[in-house]
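Trainee: the following comprises the amino acid sequence and a computationally predicted model.
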Amino acid sequence: MTGPSASAATPVSFYIAGDSTASTYVSSLAPRAGWGQALPVFLTSGAVAVNVAKSGASSKSFIDLGRLDHILARIKPGDYLLISFGHNDEKIEDPARYTEPSTTYKSYLSQYIDKSRAKGAKPVLLTPVERRRFTSAGVVSPTHGAYPAAMRELAAAKRVPLIDLTASSTASWNRAGVEGTKKHFLHLAAGQHPNYPDGVADNTHFQAFGAIEVARLVATALRGQGIAPPTHFRQLTSTIPAGSITWPSTAPY
C-alpha cells in the first residue's frame, strides 16, 4: 500500500545516543542492562526504540566513532533523538573522550541538535543519570559536576526539550535509599548469577530492575512533558518483570 495510510502506519522511532548507562547488553552480560534496552517495554506499536548508545562513549567520541552519522543516515522527519552524555565526558585523563562543560561539551551536543533538526527530527536532551553514591547521612552525593547545568543551559539557549534525568534519578535513589538502590544497580552476590560467579558491586551500571525504572523515568517525562504524544506510551505505572527486557546474543550496532 502507498499513500497516507502507509505513512501513517510507519512507527515513529526514538533513537538513543548515549553511553553505557543506556546501551544494550548481550545475553552473556545479563542481568546488566541499559535504560535504552528497557525503553521498548514502555512503547506502543506506534513507536520503536533504536538504541545506538555505546558503552564508554562521550558526546565527543560518539561522533568521532561515526555513530551520530549512522543515526543521521537513518533518522526520518518526526523521529526523536534522545541525547544523553556526561559520564565519560568527565574523564579529563582521556583526551579522546573528555569535554569541558561550558565549551566543548555544549559544542558537541549542539551537533546532535542541529544535525537532527536538519533531518526534520526532534532532539531531546537528557542530563546524565546519577550514580549510586551516598553521603554518610544516606543522601545521594552528586557525581556529575557542572555537566547537568551546562546541558540545561544549552537546552534553554537552543529551545530543545530537556529531561532532567539527573534530578529524577537522584530523587528515585533517595527514595530507595542506600540498601534499596542495590537492586537497581549491578549488585550481585557471589553465586547469585552464572554470568557473575564471583559477584559484582557496580554503582554506575544497572541490572534489569534499575534499567526498567530509569526507562520508566524517561518515558514518563516524554509523555508528561508533552514531548511526544501519549499514544506512544504504555504501562507507565505497571510492574514490569525483568524478563520483559531482551538481551541479544550478539551486540547490536
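Mentor: On my side now, so go ahead.
Trainee: just so I have it, where are all the strands in the stretch 1-150 of the chain?
Mentor: Along the stretch 1-150 of the chain, counting by DSSP state E, counting those that start in this stretch, strands occupy 12-17, 32-33, 47-51, 80-83, 122-126.
Trainee: okay, the ones you listed in a markdown table with mean pLDDT next?
Mentor: What follows is the strands of the stretch 1-150 of the chain, written out as a markdown table (pLDDT from 0 to 100):
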| stretch | mean pLDDT |
| --- | --- |
| strand 12-17 | 98 |
| strand 32-33 | 98 |
| strand 47-51 | 98 |
| strand 80-83 | 98 |
| strand 122-126 | 99 |
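Trainee: nearest to residue 69, of those strands?
Mentor: strand 12-17 (11.2 Å; C-beta to C-beta). The way it works is simple: take the backbone N, C-alpha and C, and place the C-beta from them, glycine included.
Trainee: could the strands of the stretch 1-150 of the chain go into a markdown table alongside mean neighbour count?
Mentor: Below are the strands of the stretch 1-150 of the chain laid out as a markdown table (neighbours: other C-beta atoms under 10 Å):
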| stretch | mean neighbour count |
| --- | --- |
| strand 12-17 | 24 |
| strand 32-33 | 28 |
| strand 47-51 | 21 |
| strand 80-83 | 26 |
| strand 122-126 | 24 |
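Trainee: now distance to residue 108 too, for the ones you listed, in CSV please.
Mentor: What follows is the strands of the stretch 1-150 of the chain, written out as CSV (distance: least, C-beta to C-beta, whole Å):
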stretch, distance to residue 108
strand 12-17, 11
strand 32-33, 26
strand 47-51, 20
strand 80-83, 10
strand 122-126, 12
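Trainee: low-confidence ranges in the stretch 151-253 of the chain?
Mentor: For the stretch 151-253 of the chain, applying pLDDT under 70 flags no range at all.
Trainee: out of the strands of the stretch 1-150 of the chain, flag the one nearest residue 223.
Mentor: Nearest of the strands of the stretch 1-150 of the chain (C-beta to C-beta): strand 47-51, 10.9 Å.
Trainee: direction included, what does that closest one pair up with?
Mentor: Counting by DSSP bridges, the strands paired with strand 47-51 are strand 12-17 (parallel).
Trainee: relative to strand 122-126, how tilted is the partner strand?
Mentor: Put simply, strand 12-17 runs at 40 degrees to strand 122-126, going by axes from the mean of the first three to the mean of the last three C-alpha atoms, to 10 degrees.
Trainee: re earlier: between the strands of the stretch 1-150 of the chain, which gets nearest to residue 57?
Mentor: Once the strands of the stretch 1-150 of the chain are compared by C-beta to C-beta, strand 12-17 is nearest, at 8.3 Å.
Trainee: can I get the closest one in PDB, CA atoms only?
Mentor: What follows is strand 12-17, C-alpha atoms only, in PDB (Å, rounded to 0.1, in the frame of the first residue of the first chain):
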ATOM      1  CA  VAL A  12       7.900   6.800  15.000                       C
ATOM      2  CA  SER A  13      11.500   6.000  16.100                       C
ATOM      3  CA  PHE A  14      13.200   7.100  19.300                       C
ATOM      4  CA  TYR A  15      16.900   7.000  18.500                       C
ATOM      5  CA  ILE A  16      19.100   6.800  21.600                       C
ATOM      6  CA  ALA A  17      22.600   8.400  21.500                       C
END
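Trainee: I am finished for the moment; much appreciated.
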